[in-house]
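> The sequence and its predicted three-dimensional model are supplied below.
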Amino acid sequence: MLKYEFLHGLQKRSHWLRQLSAQSSKRTYSSKIRNIGILAHIDAGKTTTTERMLFYAGKTRTLGEVHRGNTVTDYLTQERERGITICSSAVTFPWNGQRINLLDTPGHIDFTMEVEQSLYAVDGVVVVLDGTAGVEAQTVTVWTQADKHQLPRLIFVNKMDRPDADFEKCITDLKEKLETHPVCLQYPVKNADGVLAINDVITLERLTWQQKDLGQKYIRMKLEPSDELRALQERRNELIDRLSGVDDELADVVISTESFDKVDNSLIERALRRATGQLKVVPVLLGSAYKNVGIQRLMDAVNAYLPAPEERNQVYDCFGTEVAGKVFKIVHDKQRGALTLVRILRGEIKKGMRLISARGQAEVVSKMYEPLADEYREVNAVQAGDVVICAGLKSTVTGDLLTSSQSTLKNAQKRLKQNLGKTESSIPELDDESEESEEMFGLDPQIPDAVYFCSIEPPSISSQTAMEQALRQLQREDPSLRVSYDSVTGQTVLGGMGELHMDIIKSRILSEYKIDVDLGPLQIAYKETIESPALTTLSVEKEIAGAKQNVSITLELVKDKSELFSLDKSPENMPNLNTLRPRILQVVKKGAIGALERGPRVGGQVVDTQIRLHNATIGRGTADSFVMATAAQCVQKLLSTSGTRLLEPIMALQIVAPSERISGIMADLSRRRAQINDVLPKGERNKIILVNAPLAELSGYSSALRTISSGTASMTMQPCGFSAMNSADESQAERRAQGLE
Ligand code: GDP
C-alpha cells in the first residue's frame, strides 16, 4: 500500500535540495534578515518565548502571560489578545542591527498543511523543548518536517527554572529520539535559592538575569579559576573538538596552534555557523521564557548561526531576477479583508504589480504592508529574502507560487531542469520537467484528504449565505478544509483533519464573521468504491408544467482511477454518442459525477470508479435539469444495486521506544488492526516501529501509548490514504455512521 510513500517523498526532496546547494556558487551573505519559525510540542513554551522576544526587541511594552486552559481557546485568545491576526502569523522585529521575521508554524497535527507551507518560507527554525519533558511526540513530527526542508536548527531548552527540569536528559533525548548531533553552547546553573543562571561555553562567562526590569538586562561575569571554570573549559574543548571534526578552517587552526585554549571565540562562532547551516550540528541553548532568562542569547544565536536568505533556496536561482514569491498564509483582517503573506524568494514585489499564480490566475497587488507586531505600515516595494503582506489578491490560495508571468515560470522550470541535469546524470525520478519542478517549488501542495467530517448549520436560514461566504474565505486560507453540500440531508458538510481543526473553524466563524454556527457530531470520513462493474439503463418520462420530458440513459460503472467519466467507444454506441450535443454531454457528465459524491452505504465519496456513458436519448424540449437528475439517478441505481465496499482512512505512525517496551506496544497495536511495516534499530537502546493503522482504532492512542510505555515512547502520525475493510469492520462502521454505536 502507501507504506513508505511519506518517507520516500522526504528522501527524494532532500536529495534534490542537497544537489542544488552543492552546485550553487559560493556566496557571501550580506543580508541582515533572518526568516525563522519556532517549532515545539504544545505547551513547551513557544508562545511565551515569542512574547519575550518581542518584548526585548522593544516591540511590545508589557509582558503578557499565557495561562493555557485548553488549546482551542488559547489558539484563539492568543490571536485576539494581541489585537490582530497578523501578529501570530508573521512578525518582524529588529535585533542587534539585523531583522528577524518570525513566521508562525502551528504545532498541532490538525494543522500539518499550514506548518508545511510556512516551512517553505523560513530559512531556519528554533525548536523549543520543555526542559522537564525532553523530546515529545510533536517534537518528532516537526523535526521530521524540518528535515524534509533541510532546515538548519537551534534548540532552546525552556522551563529550566523548574526544579524537575533535566538538561542532560534533554540532550540524551535529542541524540536518541531525534538522532541528531547536539552541541551545547550553554549549561544551567542554579544558586542556593534555585534561581537559574547560565554558563556560556564559548566565552566562559556566567550570565545572570535581573528580574526587577523583567530580565531586560543581564550581567556577564568571567568565571574565576575554580573547579566550575575547569569543567566549563573542558566543555569548551569538547565543543572545539567536535566542530573541528566537521569544519576545515577550525581544524587547521587547532592543528597549527596545537592547543584548544588559543582558539578565538569568533573562530568557533564562524565554524558553528557553517556547521549549523550544513546541518552537521544543532546548537543547544537554554533558559526560562517564563522567568525571563536566556531569551536575548537565543536571539543572538538566531542572528549568528541561522542562515541569511541568500544562503538558501538555490532552487529558485532559476528565476534569476524575476519575481518568485511563495504564499505561505492567508489571513482575514476585519478592515482590510483577505491579506496574503508572501515570502519573496527572488526579484522584487512592488505595489500595483500584476502577479500570476502558478495555477494561471492574474492578480494585482493593491497595497503592501510590513508584518509589524502592532501596526500595519504600508510599503511600496519589498525585495527578495523578505516577507510581505499583500492586499488585493482575490483568488490566490495558500501554497501558491507567485511570479510575473506564465513564461517566467516556464523558463524557470526549463532552467531548473538544466541545472539538475548538470549535476548528476542518473536520477531516475527526474524525467518529467514540470513534475519535478512542481515538487521542488511545492507548487501543487499535497492537500491531505479529509479524515473527519461533520455537518455545519447556521443559526438561521437568513445567515446561510453569510456562512457560505465565510467558509469560502476560510478555504482560501486553509485548503485542507473541505466544504460540500449534502443534497440528501440538505446540510453543509465540513471535512477536515481533526476535532481541533473543526473547532477552530467554528470559533473563527463566530469571532471574525459573527455567525454562531452549530457543528454536528464528528465522524470518520469513509469512502466507498464499487466491487465489480455494472451496467444499467434508466428511462424516465414525465410531464412537467405541460412540457414532456423524456430521457433514456445507459451508464456503466467500472473500476478505474484514471478518469471519472468516459464514453464507450464501441461501434454500437458511437453513432448514438456522436449525435449528442457537447452541452448535453456536459449536463449528463455533471449529473453522473455529482452522484459519486455520496455512496449508498454511509454517504461516503465514491472513489476509484469510472462512469462510462454508453447511450443517451433525450426527447425534444427536455430540460437540462431533468437530464442531469436522470443521469444522477442512473448512477445511484447502479451503486445501490451492485453495492459498494467501504474504504477507511489509514494513518502512518512512527513510534520510537526503548527496545524492552516494543513487545507491549506491538501487542496493543495488533489489537488495533494495525499493519506493522518495519521495526528498525534506532540509536543504541531504541527501536522505531513503522506501522499503518486505521484511524477508527486510534482514538486516544497517544495517551494509551504513554501508559503502555510509561511515558518512554514518542510518536508521529499522519494520514496516508484509504484502505479496504473486511465485512465485519464495515458493518461496525455503518452502525457508527448511523449513530447506533
Ligand atoms: P506553547 O503551547 O508552546 O505556546 O506554550 P506556552 O508559551 O503557552 O506555555 C505553556 C505553559 O508553560 C504556560 O502556562 C506558561 O506560563 C508555561 N511556561 C512557559 N515557559 C515557561 C518556563 O520557562 N518556565 C515555566 N516554569 N513555565 C513556563
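Done, it's in. Numbering: from 1, shown residues only.
> Buried residues, the strand or helix carrying Asp173. List them.
Assessed by DSSP states H and E, Asp173 sits inside helix 167-177. Along helix 167-177, the positions that meet the burial threshold by neighbour count (16 or more other C-beta atoms under 10 Å) are 167, 170-174, 176-177. The way it works is simple: take the backbone N, C-alpha and C, and place the C-beta from them, glycine included.
> swap in stretch 276-292?
In terms of neighbour count (16+ other C-beta under 10 Å), stretch 276-292 has its buried residues at 276-277, 279-292.
> Identify, from the residues you listed, the entry nearest to Ala192.
Closest to Ala192 out of the buried residues of stretch 276-292 is Lys291 (16.4 Å), distances taken as C-beta to C-beta.
> Tell me which stretches of the stretch 401-550 of the chain form strands.
Per DSSP state E, counting those that start in this stretch, the stretch 401-550 of the chain carries strands over the ranges 401-403, 452-457, 482-486, 491-496, 518-519, 523-524, 527-530, 534-544, 547-559.
> most tightly surrounded among the ones you listed?
Mean neighbour counts were taken over these using mean count of other C-beta atoms under 10 Å, and the top value, a mean of 26, falls to strand 401-403.
> Which secondary structure elements does it sit against?
strand 324-333, strand 354-357, helix 406-423 (3 or more C-beta pairs under 8 Å, 6 or more residues apart in numbering; DSSP states H and E).
> Go through these and name the closest to the ligand.
Between the ligand and these, the shortest separation by C-beta to the nearest ligand atom is 17.7 Å, and it involves strand 324-333.
> after that closest one, next one along is what?
Per DSSP H and E, strand 324-333 leads on to strand 337-346 as the next helix or strand towards the C-terminus.
> Mind listing what's buried along that following strand?
Under 16+ other C-beta under 10 Å, the buried positions of strand 337-346 are 338-346.
> Low-confidence regions, this structure specifically.
Across the chain, the stretches falling below the confidence threshold (pLDDT under 70) are 1-30, 61-89, 106-114, 373-375, 421-440, 442-447, 683, 740-741.
> Residue numbers of the stretch 151-300 of the chain in contact with the ligand?
Listed as neighbours of the ligand in the stretch 151-300 of the chain under the rule C-beta under 6 Å from any ligand atom: 158-159, 161-162, 288-291.
> Strands - which of those residues land there?
Helix and strand membership here follows DSSP state E; of these, those in strands are Asn158.
> tell me which residues form a beta bridge with Lys682?
With beta bridges defined as DSSP bridges, Lys682 has these partners: Asn686.
> Start the count at 20 instead of 1 going forward.
Shifting the count to begin at 20 puts that one at Lys701.
> wait, isn't it in contact with Leu197?
No. The pair Lys701 and Leu197 does not pass the contact test of C-beta atoms under 8 Å, sitting 9.8 Å apart.
> Quick check: end-to-end length of stretch 711-729?
Distance between the two ends of stretch 711-729: 22 Å, counting by C-alpha to C-alpha, to the nearest Å.
> again, but for stretch 224-241
Using C-alpha to C-alpha, the end-to-end distance of stretch 224-241 comes to 4 Å.
> Any buried residues in it, and which?
224-228, 234, 237.
> just stretch 750-760 next, same as before
Going by neighbour count (16+ other C-beta under 10 Å), the buried part of stretch 750-760 is 752, 756.
> Which residues does it contact?
By C-beta atoms under 8 Å, 6 or more residues apart in numbering, the list of residues contacting stretch 750-760 from outside reads 540, 542-543, 545, 620-622, 665, 667, 715, 744.
> try 7 Å
Under the contact criterion C-beta atoms under 7 Å, 6 or more residues apart in numbering, stretch 750-760 has outside partners 542, 545, 620-621, 665, 667, 715, 744.
> Thr735 against Val161, yeah?
No. No contact is recorded between Thr735 and Val161 when judged using C-beta atoms under 7 Å, the distance being 9.0 Å.
> Neighbouring strands - and their directions - for the top strand by length along the chain?
Across the chain, the longest stretch assigned as strand under DSSP E is strand 663-677. Paired neighbours of strand 663-677 in the sheet (DSSP bridges): strand 546-549 (antiparallel), strand 705-713 (antiparallel), strand 733-743 (antiparallel).
> What count of nearby residues applies to whichever residue of the stretch 420-569 of the chain sits closest to the ligand?
Nearest to the ligand, among the residues of the stretch 420-569 of the chain, is Leu519, at 12.8 Å (C-beta to the nearest ligand atom). Neighbouring residues of Leu519 were enumerated by other C-beta atoms under 10 Å; the total is 18.
> What distance do you get for it to Lys525?
When distance is defined by C-beta to C-beta, to the nearest Å, Leu519 is 11 Å away from Lys525.
> Over to Glu591?
Using C-beta to C-beta, one obtains 54 Å as the distance from Glu591 to Lys525.
> again, but for Ile695
37 Å.
> Format the strands of the stretch 420-569 of the chain as JSON lines; extra columns: distance to the ligand.
Supplementary listing: those in JSON lines, determined by distance: least, C-beta to the nearest ligand atom, whole Å:
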{"stretch": "strand 420-422", "distance to the ligand": "30"}
{"stretch": "strand 471-476", "distance to the ligand": "23"}
{"stretch": "strand 501-505", "distance to the ligand": "27"}
{"stretch": "strand 510-515", "distance to the ligand": "21"}
{"stretch": "strand 537-538", "distance to the ligand": "24"}
{"stretch": "strand 542-543", "distance to the ligand": "27"}
{"stretch": "strand 546-549", "distance to the ligand": "34"}
{"stretch": "strand 553-563", "distance to the ligand": "52"}
{"stretch": "strand 566-578", "distance to the ligand": "46"}
